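>>> After the sequence you'll find the predicted model.
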Amino acid sequence: MTQRTVETRSAGGFEPGEEPRHGNGEAQGVYVAVADGASEQASPNAAVGSTVGAPLRESGAAAGATAAEALRDGRLRSELASIVVVGATSSIGRAIADRFAELEPRARFVLAARRGEELERIAADLRVRRGVDAVAAALDVTDGEQVDALAEALASSPGRLRGLVLAQGFMTEQAEAERDADAAVRMIEVNYTGAVRLMTKLLPTIKDGGFVAGVSSVAGDRGRGSNFAYGSTKAALTTYLHGLRGKLTSEKRDVSVTIVKPGFTDTAMTYGGEGMFLVAPPEAVAGDAVRAIRKKRAVAYTPWFWRWIMAAICAIPRAVFDRLGL
């Protein structure tokens, strides 16, 4: 089998130099091309000092501006409540941002991921199609200085931080993770420690009534021989989020925590993969995720039937399960 190392579209993009692969049903996004000098309808929710509805290059920010640059030029300052979507260039992250923008046009959307130019296209699309205030900040979640800069920028904004969606991630095939320790460690850094870094820095800024949501996976429900390296990173994220929800509840803090557990989703990561079934489009996953977040649910399997599939898998006795070769 040909080995693939792919950074998930449900979690933050490809590694430099790799060829993107897309499934037939994958949401590629509807980008609105705007020529220099062309006018767009600005949202009535535009923050003071921002040029909403225009490409970021027209509002004074360079293409692919980092969080540190956004902090310096004041681009993240706003009177509006902000929802931060990390991994917004991924299929699921992009779809979550779009669904939230459809339902909450008075919110401000801060889109973060490594690929700054694509982020700007996605932000421009949200401004035009949804009429919302949306800005982009290039961010590598494994870079502590970049995360610190984003946290500082959001903390200094007069508008409250309403929510944080963690949809970033990285996946390599199990065989490669066993051969290449760096690939295995990168999955841990992006999928787990990067998420922990973001939550640690941004949680103090989230006000009452806010939320934290992490896109985990059904792969984290039980260790399987075919993908335990990746699954273990999602299991760690799930455990952290469960514990965080319990701590915030015991402290009577009004910040909800939701764990989103997609099954097989039609993204670049899964395109051409073997043994997949009941594959869902990212828009359906995003709809389930946003609904669960708004209802303050603890866990959302998506589609819903994965809850029962995973319950059955987890109920298989270990002695039997280990012989199945799953």
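Perfect, thanks for sending it. Residues are numbered from 1 along each chain as shown.
>>> ok, now which ones touch residue 233?
Residue 233 makes contacts with 169, 187-188, 191-192, 220, as judged by CB atoms under 8 Å, 6 or more residues apart in numbering. To be clear about C-beta, it is placed using only N, CA and C from the backbone, and glycine gets the same treatment.
>>> how does it look with 7 Å?
Shown in contact with residue 233 (CB atoms under 7 Å, 6 or more residues apart in numbering): 187-188, 191-192.
>>> For it, which non-adjacent residue is spatially closest?
Closest residue to residue 233 apart from its sequence neighbours, by CB to CB, 6 or more residues apart in numbering: residue 191 at 3.7 Å.
>>> so residue 256 sits in a helix?
No - counting by DSSP: H, G, I helix; E, B strand; the rest coil, residue 256 is not found in a helix; it is strand.
>>> May I have the beta-bridge partners of it?
On the basis of DSSP bridges, residue 256 is bridged to residue 211.
>>> okay but it is in contact with residue 296, surely?
Yes - under the criterion of CB atoms under 7 Å, residue 256 makes contact with residue 296 at 3.9 Å.
>>> Let me know how buried the residue nearest to residue 233 is, in neighbour terms.
Applying other CB atoms under 10 Å, we find 29 other residues in the vicinity of residue 191.
>>> top of the contacts of residue 233 by neighbour count?
For these, the largest number of neighbours (other CB under 10 Å) sits with residue 191, at 29 neighbours.
>>> For the helix or strand encompassing residue 200, buried residues please.
Residue 200 belongs to helix 194-202 when elements are defined using DSSP states H and E. For helix 194-202, burial by neighbour count (16 or more other CB atoms under 10 Å) applies to 194-195, 197-199, 201-202.
>>> try stretch 314-325
Result for stretch 314-325 [16+ other CB under 10 Å]: buried residues residue 321.
>>> sorry, back to before: the residue nearest to residue 233: what's it in contact with?
Contact partners of residue 191, counting by CB under 7 Å, 6+ apart, are 169-170, 233-234, 237.
>>> Among those residues, name the buried ones.
Here, 16+ other CB under 10 Å leaves 169-170, 233-234, 237 buried among these.
>>> Any chance of CSV for those residues, columns secondary structure, pLDDT and distance to residue 246?
Below are those laid out as CSV (DSSP: H, G, I helix; E, B strand; the rest coil; pLDDT from 0 to 100; distance: CB to CB, whole Å):
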residue, secondary structure, pLDDT, distance to residue 246
169, coil, 88, 24
170, coil, 91, 27
233, helix, 98, 21
234, helix, 98, 19
237, helix, 98, 15
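>>> Pick out the most distant pair among those residues.
Maximum pairwise distance among the buried ones among the contacts of residue 191 (CB to CB): 12.4 Å, between 170 and 237.
>>> Could you measure from residue 227 over to residue 89?
23 Å (CB to CB, to the nearest Å).
>>> Of those two, which one has the most company?
Between residue 227 and residue 89, counted using other CB under 10 Å, residue 89 has the larger neighbour count: 30 against 18.
>>> quick revisit: so the residue nearest to residue 233 versus residue 136, what's the distance?
Distance of residue 191 to residue 136, computed by CB to CB: 22 Å.
>>> Please identify the helix or strand for the closest residue to residue 110 other than its chain neighbours.
Once flanking residues are discounted, residue 110 sits nearest to residue 84: 4.6 Å by CB to CB, 6+ apart. Residue 84 belongs to strand 82-86 when assigned by DSSP H and E.
>>> May I see the buried residues of the helix or strand that that strand is followed by?
The C-terminal neighbour of strand 82-86 among helices and strands, as given by DSSP H and E, is helix 91-103. By neighbour count with 16+ other CB under 10 Å, helix 91-103 contains the buried residues 91-101.
>>> Also stretch 177-190?
In stretch 177-190, counting by 16+ other CB under 10 Å, buried: 177, 183-184, 186-190.
>>> Kindly indicate which of the residues you listed lies nearest residue 306.
Using CB to CB, residue 187 comes nearest to residue 306 of these, at 21.3 Å.
>>> In terms of helices and strands, where is the closest one?
Using DSSP H and E, residue 187 falls in helix 181-188.
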